[in-house]
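*Asks:* Just a sequence and a predicted model for now, questions to come.
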Amino acid sequence: MDHDLGGAYALEFFDDPRPFLDAAGQLLGTDPVLGSVIASVSERTARELADGHDSWAGVGAPFERWWLVVRDPAGEAVSAVMRTAPFKPHPTFAMPMPDAAARALAVALHERGEHLGGANGALPGAEVLARATAELTGGELVVDKGTRLWEATSVEVPPAPEGRLRLATEDDAALVLAWFTAFHEEADEQAGREPDPTSGEHNTLDSVLVRIREGVEWLWELPDGTVAHLTGAGLPSYGVSRIGPVYTPREHRGRGIASYVVGELTRRGLEAGHRMCLFTDRDNPTSNKIYAALGYEPVVDMAEHLVRRPATP
């Protein structure tokens, strides 16, 4: 479904990632770091559908997931948005987007009766989308979490601690899933927020197994065989690989494991010809300091916004 906004920005909706990637390919390829989340999620979904599996069927969302290309008056793709998050409130994720297009998207979703409970992505467009939605619905806008996208064009890998880096195997799936969960909870704590188990990326044993089979989850094993750390390094999309999550249990922190593993995986990616990026929580000074020391530099600030429905009398 397309929304022509009277000579201004046009909104081109897709319900399948494959035609979306065809339409957005030039945009994603031109700015692949800014588009890395949308590109990687869309490509993974396309692979899933090609294998005859649709995980969205079990999400139970009150709408069908969608992808969107924003076109300027000349017909050029200038932004991309998706609403594919399998967890409530099923927020959108957007590349940098003109304010007028963000407001138009809020109106389009409101007109079709689709409540937008959250908007993530590049500022200021994601905030404009959330604010316009709140104004249309009489809801309340809440800034949930600020994030920062970083890229490394070179890296300083610190000395290796004792142990070895290895790929996670299917036998590690339960541990990887538990650490994904712990990562989100402890990230809230480190940033001074009350831990929210409903926030962040949600994973299941099946989704973890997919990632392990893709070869994107890495573990640090101590000399005695104890697994002490997890770092993900995603498959490249449009030449960009994204690091994350990065998690070390409390009892193994302070040994430099995380710094080394992220640095080493970044080095391998750069040597393979990939661009390397990652996200941090803007309110977590520890992670921001670690990645800056490795050579990562800020690209853009993003934020997660919630739109809470108005209270019913």
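*Replies:* Here it is on my side, so go on.
*Asks:* in the stretch 151-300 of the chain, which spans are strands?
*Replies:* For the stretch 151-300 of the chain, the strands defined by DSSP state E, counting those that start in this stretch cover 164-167, 217-221, 227-233, 240-247, 275-281, 296-308.
*Asks:* starting at the chain centroid, how far to the fourth one?
*Replies:* Computed by CA atoms, centre = their mean, to the nearest Å, the chain-centroid distance of strand 240-247 equals 10 Å.
*Asks:* can you list contacts of it?
*Replies:* 32-33, 36-37, 39-40, 179-180, 182-184, 186, 229-235, 258, 261-262, 265-266, 269, 274-279, 287 (CB atoms under 8 Å, 6 or more residues apart in numbering). For glycine as for every other residue, the C-beta is placed from the backbone atoms N, C-alpha and C.
*Asks:* pLDDT weak spots in the stretch 101-250 of the chain?
*Replies:* Across the stretch 101-250 of the chain, the ranges flagged by pLDDT under 70 are 187-202.
*Asks:* Enumerate every residue touching the residue most central in space within the chain.
*Replies:* The residue lying closest to the centre of the chain (CA atoms, centre = their mean) is Val37, at 4.8 Å. By CB under 8 Å, 6+ apart, Val37 lies in contact with Phe93, Arg242.
*Asks:* same question, Gly118
*Replies:* Ala85, Pro89, His90, Pro91, Thr92, Ala130, Asp144, Glu304, His305, Leu306, Val307.
*Asks:* Distance to Leu209 and neighbour count added to those, as TSV?
*Replies:* TSV is the format used below for those (distance: CB to CB, whole Å; neighbours: other CB atoms under 10 Å):
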residue	distance to Leu209	neighbour count
Ala85	20	19
Pro89	27	16
His90	23	19
Pro91	25	25
Thr92	27	25
Ala130	34	30
Asp144	29	15
Glu304	27	20
His305	32	26
Leu306	30	20
Val307	33	25
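*Asks:* between these, which is closest to Asp99?
*Replies:* The closest of the contacts of Gly118 to Asp99 turns out to be Ala130 (CB to CB; 12.2 Å).
*Asks:* Pretty sure that closest one sits in a helix.
*Replies:* Yes - counting by DSSP: H, G, I helix; E, B strand; the rest coil, one finds Ala130 located in a helix.
*Asks:* Do I have it right that it meets Leu141?
*Replies:* Yes - assessed by CB atoms under 8 Å, Ala130 is found in contact with Leu141 at 5.5 Å.
*Asks:* can you count the residues close to Gly25?
*Replies:* Neighbour count of Gly25, defined by other CB atoms under 10 Å: 14.
*Asks:* Name the SS class of it, please.
*Replies:* helix.
*Asks:* what's the spacing between it and Asp99?
*Replies:* 25 Å (CB to CB, to the nearest Å).
*Asks:* same question, Arg18
*Replies:* From Arg18 across to Asp99, the span is 30 Å (CB to CB).
*Asks:* likewise Asp283?
*Replies:* Distance from Asp283 to Asp99, by CB to CB: 25 Å.
*Asks:* what about the two, which has more around it?
*Replies:* Asp283 (17 against 14).
*Asks:* I'd assumed Arg148 was in contact with the more buried one.
*Replies:* No - counting by CB under 8 Å, Asp283 does not reach Arg148; the two are 10.0 Å apart.
*Asks:* shared neighbours of Ala130 and Leu141, anything?
*Replies:* His305, Leu306, Val307.
*Asks:* got a list of what the first one touches?
*Replies:* Read that as His305. With CB under 8 Å, 6+ apart, His305 has these contacts: 91, 118-120, 126-127, 129-131, 141-144.
*Asks:* among the residues you listed, which are in strands?
*Replies:* Gly118, Ala119, Asn120, Leu141, Val142, Val143, Asp144 (DSSP state E).
*Asks:* Same list (those residues) but as CSV, adding distance to Arg211.
*Replies:* Converted to CSV, these look like this (distance: CB to CB, whole Å):
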residue, distance to Arg211
Gly118, 24
Ala119, 26
Asn120, 20
Leu141, 33
Val142, 30
Val143, 29
Asp144, 25
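*Asks:* Most neighbours among those residues, which one is it?
*Replies:* Busiest of these [other CB under 10 Å] is Ala119, holding 31 neighbours.
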